[in-house]
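Trainee: the following block contains a protein sequence and its predicted model.
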Amino acid sequence: MRLPEIALGLQNEDSNWDEVSVDQARTWLTFCCMDLGRHINQNYFISEVTRYTELGKHLLYTPFCRNVDFRIDAYLEVLSIANNARKTFQFSNNFKSEPISVENLELLQESNHKLDSWYHRHSTAVDPVYQSYSKPQDRDRMKIPYNLIRMYTNGYVLHGLKPGVSAIHPLRVHFVGIAVDAGIKLLDCALQSMNYQSTLKYSIDYSDSSLGSAINYLLHACNVAFHYVNTNEIIQVLERAQKMFQNANLNSKAQELSNALGQLVQANAVSSEMNTSSHQDQAMNDHQMSDNPDWLSNFRLPLSDFSLDEVSLENIFLYSGE
């Protein structure tokens, strides 16, 4: 079908485009969006897929432009930010025990600035991109790629960390906080949409896309950075997610999340008891936690059923490289 060549031809201003050719280019760029998003931390299926990320805007200048083309252009742009972070972030052999390098710090700051700018441009315009659908939407769909990629890029800082780590560098804590905020907002997108929830049982989205990735990341952040995240806020949003699964009659998902929440609530209660003890007891507990963090090391949440079917975002956040 020559779809790649036709799409690349969008760069040629002298081309005479007909409706069929534009539709073929649109189809190919849609495939590119799916590949870049689905394989965000894997090998891409399409050869040299990143060379197509600049072509979305050319769709907008054809005489056969459709509303969907604005979203294709937006998705290609934001996915290119994720791809740049993927290529540029540096993992050293001692990454888990080192402070964030200057290069990685600048990359994360730049990525966050680009993501914020992207979201502002595409979601606060007079005619927001997310409303360029044939039917009105009850959620801002631009929040989904925005927060997914915020979670993905900032989540790099958890690479290689294990439960029971006694101290995490403050800069890492800062970016973990950004990633956790993004994960919570991803869940909020689903929890605030009745349209989404009404079709949840018949969608792969709950286990195979942003919702599953957000649940995975929030549970994992609690697992390896328990003392550095707002566990109460995470518990609250996960309880709402569990209720959403129950209402959709997704009983196995609801049960697994309930099991994970039970462990998380228990660990949170233990931590609260420590915080309310006397200063002397607290100092002793802190010493014991640093020297023998078994109570937290044994706090391992079941993530398997929420994981993506293939190698996924979760691999970035777990214990890879050891």
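Mentor: Perfect, I can see it now.
Trainee: what about the residue most central in space within the chain, which helix or strand?
Mentor: By C-alpha atoms, centre = their mean, the chain has its centre lying nearest to Leu148, at 2.8 Å. Leu148 belongs to helix 143-154 when assigned by DSSP states H and E.
Trainee: and that helix, what does it pack against?
Mentor: The helices and strands touching helix 143-154, judged by 3 or more C-beta pairs under 8 Å, 6 or more residues apart in numbering; DSSP states H and E, are helix 67-88, helix 102-123, helix 170-191, helix 210-224. C-betas here are computed from N, CA, C, even on glycine.
Trainee: and Leu261, which of those helices is closest to it?
Mentor: helix 210-224 (9.1 Å; C-beta to C-beta).
Trainee: chain center to the closest one: distance?
Mentor: Relative to its chain's centre, helix 210-224 lies at 9 Å (C-alpha atoms, centre = their mean, to the nearest Å).
Trainee: and the next helix or strand past it?
Mentor: Using DSSP H and E, the helix or strand that directly follows helix 210-224 along the chain is helix 231-247.
Trainee: give the buried residues for that following helix.
Mentor: Within helix 231-247, the residues scored as buried using 16 or more other C-beta atoms under 10 Å are 231, 234-235, 237-238, 241-242, 244-245.
Trainee: right, and the residue nearest to the centre of the chain touches Leu186 too?
Mentor: Yes. Taking C-beta atoms under 8 Å as the definition, Leu148 is a contact partner of Leu186 at 6.2 Å.
Trainee: give the intersection of the neighbour lists for the two.
Mentor: Shared contacts of Leu148 and Leu186, defined by C-beta atoms under 8 Å, 6 or more residues apart in numbering, comprise 210, 213-214.
Trainee: let me see the domain layout of the chain.
Mentor: 1-88, 89-129+140-317 (automatic domain parsing).
Trainee: spatially nearest residue to Glu239 (excluding sequence neighbours)?
Mentor: The shortest distance from Glu239 to any non-neighbouring residue, by C-beta to C-beta, 6 or more residues apart in numbering, is to Leu261 (6.4 Å).
Trainee: tell me the phi and psi of that neighbour?
Mentor: phi -60, psi -40 (degrees, to the nearest 10).
Trainee: Thr199 too?
Mentor: phi -110, psi 10.
Trainee: over to Gln90. Which of the three states is it?
Mentor: The three-state assignment at Gln90 reads coil, by DSSP: H, G, I helix; E, B strand; the rest coil.
Trainee: now do the same contact list for it.
Mentor: Residues near Gln90 by C-beta under 8 Å, 6+ apart: 101, 103-104.
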